[in-house]
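>>> need a structure here:
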Amino acid sequence: MDVTSSGLLIKSIRGHGSRRAVLADGRAYSYADLDAASDGLAGHLRALGLGRGARVALHLRNGVEYPIAELAILKLAAVRVPLNELMGREELAYCLRHAAADVLISHADLPTPQAEPGEVLARHRISVPAAGTVRPGETPWDAAVSAKPLDGIVVAAADDTAVIQYTGGTTGHPKGAHHTYGRIGVCLLAHVVCGDIRSDEVMLLTTPLPHSAGFHMAACFLQGGYVVLEERFDAARFAEICEQHSVTWTFAVPTMLYRLLDQLEEGGGRRLSLRTVVYGAAPMSRPRLEEALAKLGPVFVQIYGQTECPNFITTLTKHDHLDPALLTSCGRPVPFVDLRVRRDDEGPVGEVEVRSPYLLTEYYGNAEATAAALSDGWLKTGDLGYLRDGYLFLVDRAKDMIITGGMNVYSSEVESALRQHEAVREVAVIGMPDADWGEAVTAVIVPAADTSPASLRAFAKTRLSAYKVPKTVVLVEELPLTTYGKIDKKRLRQALADAATAS
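Numbering: from 1, shown residues only. Sure thing, here's the model as predicted:
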């Protein structure tokens, strides 16, 4: 029998029956509730003529609608296209167009895709109510999940497409990481094993389900755990939910942990019931990590992964966190992954390459990017690091990727947007260390006309997703260049750091 994500999750959902599954918007749902609602949604999609291989895009905030939609997609052996709620209209349209989405399921108050004149993007649309209303002309969510239930699931094959998940691209367009049902099935098992997810888990998720959190949620369902969903992170609310529901497991990016630590300090140093805190997506400040260990105990698991190899490439385990010498490492490869560092010289640092049964199969519709990233079953991660006693230490990113608040931002995409402003002559975008965000997106601009940082940030907000907008804009007379005439970002970072120190 092939291991597939659909086979694992559908069997698990139906096996757990009346057991509690999700708490969202103050309402609890059992596994049976999820099963029935997803049967209705799958029946609605089937009535539209959709089935195996149909592309269903999810543009949703965290809520019960997301797992219901994901289960309906599994029951049809269809393809999930998860889209971040922070996407701008142009980026949203590109992803729908590129994936050839048949259906868009979206909250009514999120941006609509910016279609070209006469273009139809996602010919079928389902509107999830926001502030009590749905979009005109779209099928209301309640009607879709109340449709005649699906009469028999479509069994997915291991090689069927399961997910097209978009990640940043150096060309300014996202790339679609293509994953199959078989590979995602193995990936979910890795999440259970390496993420220490247990059958009595109470999992609090406050980060977007289209990213890492969605994998953690699905893995919790495999174990029959209880998932508490929040639309966004708020430190005071987080601590309150932990106490109210005896939360045992959560995923966070460092920025969130910093704010939680501050909240716990204000609350008199209270301790929470958490026994596992998985963190990743950005480097964590060493002093704050030590503070977290002191306040919450040895509950931390650091993960290093990519959209191309979801979440679990390496882990720094709870036990590893007790060794101060390892706190700057992202851990050892998990049992499902082979890892090597490919060096071009005699030094220890090189590009990290990985091999795993849950690597992407390709970048969908992008043979050039696929050939550049995959070779003989190995993925070139674009990250630079070195191995010491089997532990991986990351030192840089080869592709100028910025990680801010756990979100990936490519400098070239931000630069391309800012260059559209008539007052911008030259621009370089870099990540600068930030105590709260890990890295802050910073734009250094040589102006061609009279302008201001505020007006340039306002312009960027019209072109980019919110998390990609520069937090700081610096105006300069010229940018430093290398001997080859390229912008020297290393010197630029140092110059800004020196200026900050001097001030």
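
>>> which phi and psi does Met103 have?
Actually, residue 103 is Val. It isn't Met. Main-chain torsions, Val103, degrees, to the nearest 10: phi -140, psi 140.

>>> wait, it touches Gly51, no?
No. In this structure Val103 lies outside contact range of Gly51 using C-beta atoms under 8 Å: 11.9 Å. C-betas here are computed from N, CA, C, even on glycine.

>>> more neighbours: those two, which one.
The residue with more neighbours, out of Val103 and Gly51, is Val103; 26 against 15, by other C-beta atoms under 10 Å.

>>> what residues are shared contacts of Val103 and Gly51?
Common neighbours of Val103 and Gly51, counting by C-beta atoms under 8 Å, 6 or more residues apart in numbering, are Leu45.

>>> domains of this structure?
5-17+29-181, 202-210+220-361+373-397, 402-502 (automatic domain parsing).

>>> next one: the shortest one to chain centre, how far?
It refers to domain 402-502. Here domain 402-502 shows a centroid-to-chain-centroid distance of 23 Å under the convention C-alpha atoms, centre = their mean, to the nearest Å.

>>> again, but for stretch 312-326
22 Å.

>>> cool, stretch 107-118 as well?
22 Å.

>>> residues contacting it, please?
59-61, 65, 85, 87-90, 92-93, 96, 104, 106, 121-122, 127-131, 133-135, 138.

>>> type out the PyMOL command that picks the buried ones from those residues.
Selection of buried members from these for PyMOL, criterion 16 or more other C-beta atoms under 10 Å:
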select buried, resi 59+60+61+65+85+87+88+90+92+93+96+104+106+121+122+127+128+134+135+138
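
>>> can you give me the buried ones in stretch 381-401?
Neighbour counts over stretch 381-401 (16+ other C-beta under 10 Å) mark 381-387, 391-394, 397, 400-401 as buried.

>>> what number of residues lie near Glu351?
By other C-beta under 10 Å, neighbour count at Glu351 equals 16.

>>> if you could redo that for Gln494, that was the one I meant.
Gln494: 12 neighbours (other C-beta under 10 Å).

>>> nearest residue to the spatially most central residue of the chain other than its sequence neighbours?
Closest to where the C-alpha atoms of the chain average out (C-alpha atoms, centre = their mean) is His211, at 2.7 Å. Closest residue to His211 apart from its sequence neighbours, by C-beta to C-beta, 6 or more residues apart in numbering: Asn84 at 7.0 Å.

>>> now do Thr315
Gly331 is the one closest to Thr315 (C-beta to C-beta, 6+ apart), at 4.6 Å.

>>> between the domains of the chain, which one is closest to His191.
Among these, domain 202-210+220-361+373-397 comes nearest to His191, with 6.6 Å by C-beta to C-beta.

>>> that older thread, can you list the buried residues of stretch 381-401 in TSV and add pLDDT and secondary structure?
Shown next, in TSV, are these (pLDDT from 0 to 100; DSSP: H, G, I helix; E, B strand; the rest coil):
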residue	pLDDT	secondary structure
Thr381	95	strand
Gly382	89	strand
Asp383	87	strand
Leu384	82	strand
Gly385	86	strand
Tyr386	90	strand
Leu387	96	strand
Tyr391	97	strand
Leu392	96	strand
Phe393	90	strand
Leu394	84	strand
Arg397	66	strand
Asp400	67	coil
Met401	74	strand
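
>>> among those, which two are most distant?
Tyr391 and Asp400 (25.3 Å).

>>> any idea how many residues pack against the residue nearest to Thr315?
So Gly331, with other C-beta under 10 Å, has 24 neighbours.

>>> what are the ranges of the strands in the stretch 201-350 of the chain?
202-205, 226-229, 249-252, 276-280, 300-306, 309-316, 332-333, 338-342, 350-355 (DSSP state E, counting those that start in this stretch).

>>> typo on my end, it should be the stretch 1-150 of the chain
20-24, 27-30, 55-59, 79-83, 103-107, 124-128, 139-140.

>>> what's the closest of those to Lys148?
Per C-beta to C-beta, nearest to Lys148 of those: strand 139-140, 14.0 Å.

>>> now that closest one: average pLDDT?
Taken as a whole, strand 139-140 carries a mean pLDDT of 98.

>>> packing partners for it?
Here strand 139-140 touches strand 124-128, going by 3 or more C-beta pairs under 8 Å, 6 or more residues apart in numbering; DSSP states H and E.

>>> and the angle from the strand it packs on to strand 103-107?
Per axes from the mean of the first three to the mean of the last three C-alpha atoms, to 10 degrees, the angle that strand 124-128 makes with strand 103-107 is 20 degrees.

>>> what sits up against strand 124-128?
Outside strand 124-128, the residues touching it (C-beta under 8 Å, 6+ apart) are 44-45, 48, 50, 60, 63, 65, 102-108, 134-135, 137-141, 144.

>>> quick check: angle from it to strand 55-59?
30 degrees.

>>> let the chain start at 6 from now.
New numbering, starting at 6: the last item is strand 129-133.

>>> any idea how far strand 129-133 is from the chain center?
Counting by C-alpha atoms, centre = their mean, strand 129-133 comes out at 23 Å from the chain centroid.

>>> in its sheet, which strands sit next to that strand, and in what direction?
strand 108-112 (parallel), strand 144-145 (parallel) (DSSP bridges).

>>> quick one: mean pLDDT for it?
98.

>>> do stretch 88-96 as well
On average, stretch 88-96 scores 89.

>>> what does that stretch contact?
62-66, 97, 100-101, 112, 115-119, 171, 179, 213, 215-216, 412, 468-472.

>>> spatially nearest residue to Val197 (excluding sequence neighbours)?
Ala224 (4.9 Å).

>>> burial check on that neighbour, number of neighbours?
Residues near Ala224, counting by other C-beta under 10 Å: 25.

>>> so it versus Ser17, what's the distance?
According to C-beta to C-beta, to the nearest Å, Ala224 stands 10 Å off from Ser17.

>>> ok so, going back, wait, the residue nearest to Thr320 sits on Phe305?
No. Applying C-beta under 8 Å, one finds Gly336 not in contact with Phe305, separated by 11.0 Å.
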